[in-house]
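>>> Sequence first, predicted coordinates after that:
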Amino acid sequence: MEFNSHNRENADGAIGLQFVKVYNIWHNQIKSELNQIDLTHPQFIVLTSLGYLQQNETEVTQVMVSKISEMDVMTVSQVLRTLEKKSLIRRTPHSRDTRAKSLTLTETGVVIMNQALPIVEGIDQKIFGVLGKDQTIFQQKLRQLILAHEEGGD
């Protein structure tokens, strides 16, 4: 197959390629900005997931963080280990489940999370704000895609 200008137009019009390009723009900015406060994107996700869960749960476990963040348990475990070394989270024995650890944000973890949230929200607004009033429709369509593939198992 010869790659010519017609193929280039088709490639540029491929929805998957466009999606990847937008994701890469967004993700590269997230990585760059979070790096300035010594966080990776997965660390941010785990930190904010834990912060969210702590608002309503007396004890938060690794499995709970894994479910809400939609990250696999082993990845969450590795990220938690790093966050603990950075003194952003604390792991203590769970009060009811001897196999589980109870997770909490440290004071430093709360400070870093509160620094990171506006950074990520600002990038979201910068990238997706260009959609204007269509941003709500875009979010609805993304939810529609997520639900369709969760229900269908694809």
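Received it, and whenever you're ready, just let me know what you need.

>>> Check which helix or strand the closest residue to Thr40 other than its chain neighbours maps to.
Leaving aside its sequence neighbours, Thr40 sits nearest to Leu34 (Cβ to Cβ, 6 or more residues apart in numbering; 6.6 Å). Every C-beta, even on glycine, is put in place using the N, C-alpha and C of the backbone. Element membership for Leu34, per DSSP states H and E: helix 15-35.

>>> what about Glu121, which helix or strand?
Glu121 belongs to helix 107-128, assigned by DSSP H and E.

>>> Then Ser95?
Under DSSP H and E, no helix or strand contains Ser95.

>>> Distance of the nearest residue in space to it that is not next to it in sequence relative to Lys21?
Excluding the flanking residues, the one nearest Ser95 by Cβ to Cβ, 6+ apart is Glu59, at 6.3 Å. Distance of Glu59 to Lys21, given as Cβ to Cβ, to the nearest Å: 42 Å.

>>> quick one: which of these two has more around it?
Glu59 (17 against 11; other Cβ atoms under 10 Å).

>>> ok, the more buried one to Ser87 distance?
Glu59 is 20 Å from Ser87, by Cβ to Cβ.

>>> Ok, Leu117 next?
Leu117 is 19 Å from Ser87, by Cβ to Cβ.

>>> Likewise for Met71?
For Met71, the distance to Ser87 - Cβ to Cβ - is 21 Å.
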